[in-house]
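In: Sequence isn't available, so here's the structure alone:
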């Protein structure tokens, strides 16, 4: 399924202190306390706490802005995210405080419920010459972070514009991915379900 920003769903954060754009979620239509996995983009406009997601593994990637410091009650004490397209993984039950470095930021969030799924992420810096990627997940999500993509897989060919997301639920074993023009950056997310659904 090719998802474009027109398909995405905007909603408040779980704690009401920001907004999130949901790109994809499973089960379909699941709320913030009901999902098995979720991919979203968050808008952070001010310092403050992150929502708590007990039992959830999270990976956050800086998309737009000067960056932020994440401060935890648990180890590590703090993490600096100031480079675009760099990701960091942490536990959703950690008490997390965000401090912006210089104005609002936008980030990409991958979340999986630890008891039911796990995820692996990779940032791809692509040229027009395509690259092959072996896949191991039950679900694959490919999000165009910057620039357009051309993608070939067992079930078809796709063109992605910036901000588009390709979702594959067929347990694809390989994708061939290239930039639509001179260069592109993509986010490859593989989700393995650990319990039958």
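Out: Done, it's in. This is a predicted model, so every value here is computed, not measured.
In: check contacts around the closest residue to residue 148 other than its chain neighbours.
Out: Nearest residue to residue 148, sequence neighbours excluded (Cβ to Cβ, 6 or more residues apart in numbering): residue 180, at 3.3 Å. Using the backbone N, CA and C atoms, a C-beta is placed for each residue, glycine as well. Going by Cβ atoms under 8 Å, 6 or more residues apart in numbering, residue 180 touches 128, 147-150, 159-160.
In: So which helix or strand of the protein has the lowest pLDDT on average?
Out: Of all helical and strand segments in the chain, the minimum by mean pLDDT, DSSP states H and E falls on strand 9-12, at a mean of 89.
In: Report the buried residues of the following helix or strand past that strand.
Out: Counting by DSSP states H and E, the element after strand 9-12 in chain order, helix or strand, is strand 19-26. Neighbour counts over strand 19-26 (16 or more other Cβ atoms under 10 Å) mark 20-26 as buried.
In: got it, and stretch 76-85?
Out: 81, 84-85.
In: Assess the claim that residue 118 and residue 89 are in contact.
Out: No: if you go by Cβ atoms under 8 Å, residue 118 and residue 89 don't touch, sitting 10.8 Å apart.
In: ok, now which ones touch the residue lying closest to residue 74 once chain neighbours are set aside?
Out: In this structure, residue 74 finds its nearest non-sequential neighbour in residue 94, 4.8 Å apart by Cβ to Cβ, 6+ apart. Neighbouring residues of residue 94 by Cβ under 8 Å, 6+ apart: 72-74.
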